[in-house]
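Asker: Could you look at this predicted model? Sequence included:
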Amino acid sequence: MEENNNKNLLLATALSFLVILVWFVLFPPPEAPVAPTASTEVTATTPAATPADATATAGQAEPAAAVPEAPRLTIDTPKLSGSISMLGGRIDDLKLKAYRETIKPGAETVRLLSPVGGEKQAYYALYGWVPGGALSFEDVPGANTEWKLASGSTLSPGQPVAIRWDNGKGLTFTREISVDDDYMFTVSETVENASATEVSLQPYGVIARHGVPKDLQHIFVAHEGAVSRVDGELCERDYTGSTWLSCDTFAQLDDDAPELGKAIKEQAATDGWIGFTDHYWMTILIPEQGKPFTAVAKHVTASDIYQTEIRQETIVVPAGSKSTTTSRLFAGAKEWETIRNYQNEAGIPGFIDSIDWGLFFFFTKPIFAVLHWLHGIIGNMGLAIIALTFVLKVLVLPLAYKSYVSMARMKELQPEMEALKERAGDDKQKLQREMMQLYKDKKVNPAAGCLPILIQIPIFFSLYKVIFVTIELRHAPFFGWLNDLSAPDSSSLYNFFGLLPWDAPPMGSLLHLIFIGILPIILGITMWLQQKLNPAPADPVQQQIFAWMPWVFMFMLGGFASGLVVYWITNNTITFTQQYLIMRSHGHKPDLFGNIRSGFRKKPAVAAANSPTKPTGASKPTSPTKPGPKARK
């Protein structure tokens with residue numbers, strides 16, 4: 001039945017249109033990065049950077065002058081470059097060798113951590129001790145302690161460095177820092193007690209960010225802010241205090257902090273981690289797993305410093321003895337395979353959840369795992385997306401086949417449906433009952449045509465999340481001009497796809513959305529061809545909707561990531577082929593070219609066709625219209 005098939009297609013198209021419209025409202029395109037402006041930076045003084053409970057005076061922060069220049073230790077690994085300041089032992093200068101800010105030749109290397117007073121907002125990690133008993137803060141190293149080199153000069157894999165500080169009262173502190181081939185630092189802190197009495201003190205680690213990052217994406221689909229996992233509970237909080245995942249177990253500490261909600265603290269029994277995550281990068285503090293620790297996230301309002309902290313258990317060091325505590329710091333790119341290896345092989349539970357998989361994580365995680373595997377085999381992310389589309393279509397093929405078969409059988413019922421209409425006349429209730437009985441007898445589901453599109457909705461959302469969030473898609477090339485599958489198609493009608501001697505409109509601009517690229521045009525054509533498998537509906541309104549819908553979608557999806565458009569084009573092509581073959585197998589040969597030609601034929605004027613008056617210049621009188629059934633009574 002053509003009418004039912006067209007209604008199903010119209011409903012599916014309307015659902016797709018609604019999904020895209022809602023997506024544009026909830027997930028607008030990322031804002032263009034704002035050029036950094038001059039600002040006054042503050043440094044964390046010893047009180048500012050020392051984590052302490054709300055009852056301790058050390059928890060207060062205050063503005064201070066820029067950190068003075070101090071000797072530095074070089075960091076040089078296959079993936080990292082930078083340095084460590086001997087003032088406070090801060091890890092505050094770190095670049096990611098494998099990543100550039102843009103795809104332009106000669107673009108700057110991505111900087112992750114930056115010192116106070118640098119070109120970018122200060123962002124660093126530091127370690128220290130909270131004094132206990134008779135000790136004071138002058139007796140333990142903190143943010144501004146001037147350390148001395150103990151061993152090593154360049155931090156590289158297999159070549160740790162060590163720094164030392166003597167408080168002059170019998171306590172000597174040694175910090176050894178090592179790094180692996182990827183992004184994991186290991187920090188071992190030893191305190192040696194040569195005094196006559198035992199001492200108690202608590203080791204801590206801090207990640208500090210001065211102010212809200214200026215390069216935030218400001219988009220719902222990617223979480224940026226504090227992220228933690230404590231005893232199996234994942235918690236995400238942004239810089240305004242909004243909570244994206246459950247943080248119910250965190251205790252509220254500070255009612256005066258306007259951002260990050262309030263200062264929050266959670267006592268972990270066995271495992272966990274806490275830190276800051278950006279779109280593609282993150283810094284995470286990881287205490288010794290299997291031991292209790294305290295996780296804290298807060299905003300120090302006086303100096304506008306955001307902090308995440310770990311506080312390990314207080315240790316007691318007897319006179320003449322020493323004690324060592326160890327923690328780790330992840331500072332680098334959110335590479336799926338690297339993070340998964342840390343989770344599975346380095347004993348960091350749930351570390352893969354530091355990547356924002358979203359509400360459809362049960363889709364996004366396996367989808368990306370398959371995409372990553374296919375990319376490893378094929379070596380081209382665009383071809384991997386196409387291969388992934390085939391895999392997804394095979395998985396949903398049984399349901400899709402059932403749907404297409406049901407649509408084909410609806411066509412076979414066309415004569416019987418017409419007979420039912422003749423028998424029922426104006427009795428709509430009788431017609432509905434007999435139609436339902438016919439569907440039941442013939443085992444046909446008239447709503448089955450909508451099932452494929454309903455399945456595609458969560459898959460579409462999940463793939464969009466994967467393409468936008470995972471770093472493996474960032475700057476991933478396909479071929480030719482498609483050099484970044486995480487960005488919209490860079491070609492444009494404005495310069496006739498590069499043939500005319502002027503630049504295309506910048507991405508994200510209104511002109512770029514109007515003068516779309518090659519991929520969106522191909523997408524519109526595939527949607528249009530899919531429509532032409534069935535004749536146009538008889539209803540003129542439906543005809544107009546069907547005529548415009550592919551081209552509306554073409555412009556709406558023109559600003560989406562090109563990787564997602566590649567998926568949609570492939571999906572449309574496979575769906576078109578499936579429907580055509582299934583229709584042929586059930587004895588119905590789609591008149592594709594006939595349906596296309598009929599769309600270009602000039603339609604007779606409806607008013608003229610129904611006019612009772614004699615047309616001007618007619619050679620013969622028209623026959624009188626026969627009276628309808630009601631007129632004959």
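Answerer: Arrived safely.

Asker: Could you use CA atoms for every contact and neighbour count after this?
Answerer: Noted.

Asker: Give me the pLDDT for the residue nearest the centre of the chain.
Answerer: In the chain, the C-alpha nearest the mean C-alpha coordinate belongs to residue 469, at 2.9 Å (Cα atoms, centre = their mean). Residue 469 is assigned 91 on the pLDDT scale.

Asker: Strands of the stretch 1-150 of the chain, residue ranges please.
Answerer: 72-76, 80-85, 91-100, 109-113, 123-131, 148-151 (DSSP state E, counting those that start in this stretch).

Asker: before we move on, the earlier item: so what does the residue nearest to the centre of the chain have for phi and psi?
Answerer: Dihedral pair for residue 469: phi -90, psi -40, per degrees, to the nearest 10.

Asker: okay, now the nearest residue to residue 210 once chain neighbours are set aside: neighbour count?
Answerer: Spatial nearest neighbour of residue 210, excluding adjacent residues (Cα to Cα, 6 or more residues apart in numbering): residue 305 at 4.5 Å. Neighbourhood size, residue 305 [other Cα atoms under 10 Å]: 25.

Asker: Work out for me the element the residue lying closest to residue 385 once chain neighbours are set aside sits within.
Answerer: Once flanking residues are discounted, residue 385 sits nearest to residue 567: 6.2 Å by Cα to Cα, 6+ apart. Assessed by DSSP states H and E, residue 567 sits inside helix 562-585.

Asker: helices and strands around that helix, which ones?
Answerer: helix 381-395, helix 397-412, helix 451-469, helix 518-531 (3 or more Cα pairs under 8 Å, 6 or more residues apart in numbering; DSSP states H and E).

Asker: try 7 Å this time
Answerer: Identification of packing neighbours for helix 562-585 by 3 or more Cα pairs under 7 Å, 6 or more residues apart in numbering; DSSP states H and E yields helix 381-395, helix 397-412, helix 518-531.

Asker: which SS state does the residue nearest to residue 387 when sequence neighbours are not counted fall under?
Answerer: Spatially, and ignoring its direct neighbours in sequence, residue 387 is nearest to residue 374 (7.3 Å; Cα to Cα, 6+ apart). Assigned with DSSP: H, G, I helix; E, B strand; the rest coil, residue 374 falls in the helix class.

Asker: pretty sure residue 374 contacts residue 384?
Answerer: Yes: assessed by Cα atoms under 7 Å, residue 374 is found in contact with residue 384 at 5.4 Å.

Asker: Span of stretch 134-153 from start to end?
Answerer: 35 Å (Cα to Cα, to the nearest Å).

Asker: quick check: mean pLDDT across that stretch?
Answerer: Computed over stretch 134-153, the mean pLDDT rounds to 93.

Asker: Okay, buried residues for it please.
Answerer: For stretch 134-153, a neighbour-count test (16 or more other Cα atoms under 10 Å) marks 139-149 as buried.

Asker: same question, stretch 413-432
Answerer: Neighbour count says stretch 413-432 has 417, 420-421, 431 buried, by 16+ other Cα under 10 Å.

Asker: and the buried residues of stretch 134-153 as JSON lines, adding distance to residue 515?
Answerer: Below are the buried residues of stretch 134-153 laid out as JSON lines (distance: Cα to Cα, whole Å):
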{"residue": "139", "distance to residue 515": "66"}
{"residue": "140", "distance to residue 515": "63"}
{"residue": "141", "distance to residue 515": "60"}
{"residue": "142", "distance to residue 515": "57"}
{"residue": "143", "distance to residue 515": "53"}
{"residue": "144", "distance to residue 515": "55"}
{"residue": "145", "distance to residue 515": "58"}
{"residue": "146", "distance to residue 515": "59"}
{"residue": "147", "distance to residue 515": "59"}
{"residue": "148", "distance to residue 515": "61"}
{"residue": "149", "distance to residue 515": "60"}
